[in-house]
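1. turn this into a structure:
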Amino acid sequence: MKALHFGAGNIGRGFIGKLLADSGAELTFADANHQLVDQLNHAQQYRVHVVGVDQRIDTVSNILALDAGSEDVIERIAVADLITTAVGPNVLDRIADTLARGLLLRFERGNAAPLNVIACENMVRGTAHLKAAVLARLPHGYHAALEQCVGFVDSAVDRIVPPAAANDGDPLEVTVESFSEWIVDRGQFRGDIPQVDGMELTDNLLAFVERKLFTLNTGHIITAYLGSLAGYRTIREAISDPAIRLKVRQAMHESGEVLVRRYGFDRQLHHAYIEKILGRFANPHLVDEIERVGRQPLRKLGAEDRLIKPLLGTLEYGLPHAALVEGIAAALCYQNAADPQAVELQGWIAQDGVSQALSRASGLAVDAAVVGEIVEHYQALRQG
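-> A predicted model of the protein is given here:
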């Protein structure tokens, strides 16, 4: 299997790229970082430090790297069997230009072999977004060929890969947690489904997308914002505080009850999943800084994101939501002079007040009862 993976950063190397290489794929990375591309081509391998209860170092070898904007990448798209991404949601549109050019070459050469594309991003239906962007750039006469031969497969991904500490001895080494989850929509593939160890198939992807969003992402961000208020630097320090751990667990139980009602998840199994995630946050081998997790609070206060969406679910089903409300209030308190969104959020609050700022970020009605609850918690947190 010829696999092309866009994004050779820590997540690309430590998660998706590693799974592809471990499954025997002929793996090529594409990245815009020229130095990183040169380093990968020189070494032709890199080490992955996997940390959990036990630790191990795996070596990923027999790899190639290309400049993401090069003609070589266009050629690789024309012959690939599988294309994956781990570049961040904001970069997908740029990849769409390259992907459209490669597909055009593929179709002009008469290559009708199945190709599957999977965007492995921290966003809902990221691959559907990528497909729309590709179609907008591909000549209309080739749209039918794309629909017939190219599968755009949505996925949900979950693995904590913090930024690597400087390593002068091996700049390519990356540290990842032992837990990983890559769930894909079975019904969107074209041709045979690629055999990739660690890739799980589902017929109900949205349930797992929201499970991750409402559990890992919700718990992670509330840990970060409560931890920031308490003066902690890392997620592990914050979750080790019994008071914060209790509040984070309660918030995940509140969001989890929405999942139980909406998708029929087993409540006891879901509570066990919550405890596993709390254990992941406390991993002593991962240095995951609050500043990294808490960045871009305006995005994270969006209506479809990890704080407001589960809150809306509790309102839909008439469920308790006190811990989620406190987590949202903590987000409104978040200050980081190096984060443009944090600065902008505090500017909105200073200019228009908390209710207006929250409404602007989240879409919640200014006069909604839950907004009043959040403002009360915000004032208590600011005074405390």
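2. what's the burial count for residue 117?
-> 25 (other C-beta atoms under 10 Å). For glycine as for every other residue, the C-beta is placed from the backbone atoms N, C-alpha and C.
3. need phi/psi at it.
-> phi -120, psi 130 (degrees, to the nearest 10).
4. per-residue confidence at it?
-> According to the per-residue confidence, residue 117 scores 98 in pLDDT.
5. repeat for residue 166
-> pLDDT for residue 166: 44.
6. secondary structure element holding residue 248?
-> Assessed by DSSP states H and E, residue 248 sits inside helix 242-263.
7. same question, residue 157
-> Using DSSP H and E, residue 157 falls within strand 155-158.
8. can you give me phi and psi for the closest residue to residue 116 other than its chain neighbours?
-> Ranked by C-beta to C-beta, 6 or more residues apart in numbering and with sequence neighbours excluded, the top spatial neighbour of residue 116 is residue 151, at 4.2 Å. Backbone torsions for residue 151, taken as degrees, to the nearest 10, come to phi -90, psi 130.
9. from memory residue 151 sits against residue 128, does it?
-> No: Residue 151 lies out of contact with residue 128 (C-beta atoms under 8 Å); the separation is 11.8 Å.
10. neighbour count for these two, which is higher?
-> residue 151 (21 against 16).
11. what does the strand holding residue 157 rub up against?
-> Here strand 155-158 makes contact (C-beta atoms under 8 Å, 6 or more residues apart in numbering) with 15-16, 86, 118-122, 126-127, 179-185, 205, 208-209, 211-212, 216.
12. same check on stretch 92-100?
-> Under C-beta under 8 Å, 6+ apart, the answer for stretch 92-100 is 6, 30, 68-69, 73-74, 77, 83, 85, 87, 117, 119, 121, 126, 129-130, 133-134, 136-138.
13. for it, buried residues please.
-> Of all the residues in stretch 92-100, those buried under the rule 16 or more other C-beta atoms under 10 Å are 92, 95-96, 98-100.
14. now stretch 274-284
-> Across stretch 274-284, burial judged by 16+ other C-beta under 10 Å covers 274, 277-278, 280-283.
15. cool, and stretch 206-225?
-> 207-225.
16. looking at the buried residues of stretch 92-100, which are in helices?
-> Counting by DSSP state H, the buried residues of stretch 92-100 place 92, 95-96, 98-100 in helices.
17. for the residue nearest the centre of the chain, list the residues it contacts.
-> Among the residues of the chain, the one closest to the centroid is residue 122, at 2.1 Å (C-alpha atoms, centre = their mean). For residue 122, the contact set (C-beta under 8 Å, 6+ apart) comprises 88-89, 157, 217.
18. just the buried ones from those?
-> Among the contacts of residue 122, those buried by neighbour count (16+ other C-beta under 10 Å) are 89, 157, 217.
19. and for the helix holding residue 248, what are the contacting residues?
-> With C-beta under 8 Å, 6+ apart, helix 242-263 has contacts from 204, 207, 210-211, 214-215, 218-219, 222-223, 226-227, 230, 238-239, 265-267, 270-271, 274, 277-278, 281, 310, 313-314, 316-317, 319-324, 326-327.
20. related to what we said a few turns ago, and the residue nearest to the centre of the chain, which of the three is it?
-> coil (DSSP: H, G, I helix; E, B strand; the rest coil).
21. per-residue confidence for it?
-> Residue 122 carries a pLDDT value of 82.
22. any idea how far it is from residue 205?
-> 15 Å (C-beta to C-beta, to the nearest Å).
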